[in-house]
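Colleague: here is my input, please return the structure:
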Amino acid sequence: MKTELPNITVLAFLLILGLFLNIITVSTDNVPNFLLENSELAQYRLRTKLLMFGVLFLKSILNVFIAIWLFSKARSQNEKAITWATLGLFFGVFAIILFYLIILTKEIKLLNSNFKKNN
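Modeller: Residues are numbered from 1 along each chain as shown. Here you go, the predicted model:
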């Protein structure tokens, strides 16, 4: 079982994109209502709802691509592909990080066992 780690820039990009989308989702409704008049408040709420919809749509598309990618990687690593695709669909970038942490842990255990056999 040989592990091929992806280019770190791809993982960093996916991580930054996922975190950025999460930050936008959380911070869109933090303007105090007393600073805006009724018409401005209605326009602001409409804009934030549209922005939230766009961000959630982008996150959903990103999670679908992550699920497909994790499915193929898990299959090539002889892992449970359906489980990893499901985790990728719901948890996105964090599922990628968890996947590679588990793969690296298995590789380290394999290297340690080979080292103990040779010594």
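Colleague: residue 87: neighbour count?
Modeller: Neighbours of residue 87 under the rule other C-beta atoms under 10 Å: 20. Placement of C-beta: from N, CA and C, glycine included.
Colleague: secondary structure element for it?
Modeller: When elements are assigned from DSSP states H and E, residue 87 belongs to helix 81-91.
Colleague: remind me, longest helix of this structure?
Modeller: Taking DSSP state H as the criterion, the chain has its longest helix at helix 38-76.
Colleague: show me what it is packed up against.
Modeller: helix 8-27, helix 81-91, helix 93-118 (3 or more C-beta pairs under 8 Å, 6 or more residues apart in numbering; DSSP states H and E).
Colleague: the same query, at a cut-off of 6 Å, please.
Modeller: The elements that helix 38-76 packs onto, with contact taken as 3 or more C-beta pairs under 6 Å, 6 or more residues apart in numbering; DSSP states H and E, are helix 8-27, helix 81-91.
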